[in-house]
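Peer 1: compute the structure for the input listed below.
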Amino acid sequence: MPLTGYIVSLLATVSLVSCAGKKSVPATSSIHFERTACFGACPIYTLVINGEGLAQFEGKRFTEKIGSFEKQLSKEDTKALFDLLNSTEWNSFADEYPTDITDLPGILFKYNHKKVSKQIVVYGEHPEQLDVLSEYLSKIAESDGWTNLNIE
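Peer 2: Numbers count the residues shown, from 1 in each chain. So this is what the prediction gives:
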C-alpha cells in the first residue's frame, strides 16, 4: 500500500475510534448502589445514577447527608463511570456473596445497560473488582455539590 493510502486508512480508523468514544450512554442505563446496615456505625444509603448522569442519593444513617439529595454529573464523569461499568464482566459474578457472619454490612449492585441486567448482593468474600466499583461509587456518593430535596 502506498504511504498516502496508509495515512488515509490510519486517519479513517482514528476518526472512527474517536467518534465511537464520544457516544453517549443511553438514558435507560443505570447503576443502583446500596450500602446496608451493620452492627456498628456503617453508612447506610442508596445511590442511583442513570445514563444521563442524574444521581439520586438517599441517606438513611451514619452518613453526612440524611434524606433525599440529587446532583447532575458532568457528561465526562457520566461517561467515565459507565466506561468503568461497561468494562466489568457482570455476568462472571455470582448473584450473591453470602457469609455466616450476621453483623457485617452489605452492598447491593443493580446494573442495567443495553443487554446487561445484573443484581449482586455482597456480604462475604467477593471478587476485588466489586471493591473497585464500590470505592468509585462511594466517592461519588461522598462528593460535594448535592442539592437537598428534603422539605424543611
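Peer 1: look up the closest residue to S134, ignoring the ones flanking it.
Peer 2: I107 (5.7 Å; CB to CB, 6 or more residues apart in numbering). Every C-beta, even on glycine, is put in place using the N, C-alpha and C of the backbone.
Peer 1: ramachandran angles for the one you found?
Peer 2: phi -130, psi 140 (degrees, to the nearest 10).
Peer 1: swap in A80?
Peer 2: Dihedral angles of A80 (phi, psi; degrees, to the nearest 10) stand at phi -60, psi -40.
Peer 1: next, count neighbours for it.
Peer 2: Number of residues near A80 (other CB atoms under 10 Å) recorded here: 13.
Peer 1: what residues are up against V132?
Peer 2: By CB atoms under 8 Å, 6 or more residues apart in numbering, V132 lies in contact with L84.
Peer 1: one step back: bridging residues for the residue nearest to S134?
Peer 2: I107 has the following beta-bridge partners by DSSP bridges: R35, V122.
Peer 1: ditto for the one 10 residues further on
Peer 2: On the basis of DSSP bridges, S117 is bridged to N112.
Peer 1: over to G59?
Peer 2: Applying DSSP bridges, one finds that G59 bridges with Y45, G67.
Peer 1: my guess is it meets E34, correct?
Peer 2: No - the criterion here is CB atoms under 8 Å, and G59 misses it with E34 at 11.5 Å.
Peer 1: number of residues surrounding the closest residue to K118 other than its chain neighbours?
Peer 2: Spatial nearest neighbour of K118, excluding adjacent residues (CB to CB, 6+ apart): W90 at 4.2 Å. Neighbourhood size, W90 [other CB under 10 Å]: 16.
Peer 1: give the contact list for W90.
Peer 2: Taking CB under 8 Å, 6+ apart as the contact definition, W90 lies against Y111, V116, K118, I120.
Peer 1: same thing with G59?
Peer 2: P43, I44, Y45, K65, I66, G67, F69.
Peer 1: could I get the residues you listed as TSV with neighbour count, pLDDT and distance to D95?
Peer 2: TSV is the format used below for these (neighbours: other CB atoms under 10 Å; pLDDT from 0 to 100; distance: CB to CB, whole Å):
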residue	neighbour count	pLDDT	distance to D95
P43	19	97	24
I44	19	98	22
Y45	22	98	22
K65	16	97	29
I66	15	97	30
G67	13	98	30
F69	20	98	29
